[in-house]
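*Asks:* Requesting a structural model of the entry that follows:
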Amino acid sequence: MKLHSGFFFTGGSVLAGIAFVSEAWPMLLLALFVLFFGLVLADREQLAGLDARVAEMFLPRCELPLLPFEGFTGEGLIGYRAGYPVYRVLRSRDARWQLLGTDDEVNVVGNTIRVCPGLIYRRLED
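*Replies:* The predicted structure follows:
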C-alpha cells in the first residue's frame, strides 16, 4: 500500500483541528510535521508525473550550461519544442551554430553549446 500526499494533508489538518479544539499545543507540532512530510511527498509525486521534455528543462543531465535564446537570432525555423522555437542555425555576435539534435540523440563533443530546452548546437566554421 502506497500512501499519497493527500493522506498526510488530510491527517495533518485533522490533527491541527484536534490540537486547537482540545488546546493540546504540543500536538500542533506533530500536525505541522505531518503536513511538512505531505508537502515533500507531493513534490516527489509531481516530479514523477512530469513529461520527459519538461523534466529535462528542470533537471540538468548535461555538463554544458543551458543557454537562453535571448543571446541568439535564428535562421530556418523548424518548429517548436516545449514552447520554444527550434532553428536550424543560431547566430550570435561572433559565431554561427548548427543544430545537431537533443541531449538524448547527440554525444556532446567540443565546440558545442546547449540551448533551452536541451538542444545541442555545433559551431560552424566561417
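*Asks:* Most distant residue from the centre of the chain?
*Replies:* residue 22 (42.8 Å; C-alpha atoms, centre = their mean).
*Asks:* how is this protein carved up into domains?
*Replies:* Domain assignment for the chain by automatic domain parsing gives 5-49, 59-124.
*Asks:* on that earlier part again, any idea how far residue 101 is from the residue farthest from the centre of the chain?
*Replies:* According to C-beta to C-beta, to the nearest Å, residue 22 and residue 101 sit 62 Å apart. All C-beta spots, glycine's among them, are computed from the backbone N, C-alpha and C.
*Asks:* Considering the domains of the chain, which stretch scores lowest in mean pLDDT?
*Replies:* Among the domains of the chain, domain 59-124 carries the lowest mean pLDDT, at a mean of 81.
*Asks:* What's the local residue count around residue 11?
*Replies:* For residue 11, the count of nearby residues is 17 (other C-beta atoms under 10 Å).
*Asks:* List phi and psi for it.
*Replies:* Dihedral angles of residue 11 (phi, psi; degrees, to the nearest 10) stand at phi -60, psi -40.
*Asks:* any residues touching the helix ranked longest in the chain, and which ones?
*Replies:* Assignment by DSSP state H gives helix 25-48 as the longest helix of the chain. Helix 25-48 is contacted by residues 3-9, 11-13, 15-16, 18-20, 55 when judged by C-beta atoms under 8 Å, 6 or more residues apart in numbering.
*Asks:* Give the buried residues for it.
*Replies:* Residues of helix 25-48 classed as buried by neighbour count (16 or more other C-beta atoms under 10 Å): 31, 34-35, 37-38, 41.
*Asks:* And the helices in the protein?
*Replies:* 5-22, 25-48, 52-58.
*Asks:* okay, the ones you listed in TSV with distance to residue 109 next?
*Replies:* Converted to TSV, the helices of the chain look like this (distance: least, C-beta to C-beta, whole Å):
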stretch	distance to residue 109
helix 5-22	42
helix 25-48	30
helix 52-58	19
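*Asks:* I'd like to know which of those helices is closest to residue 75.
*Replies:* Residue 75 lies closest to helix 52-58 among these, at 23.5 Å (C-beta to C-beta).
*Asks:* can you give me the mean pLDDT across that closest one?
*Replies:* 64.
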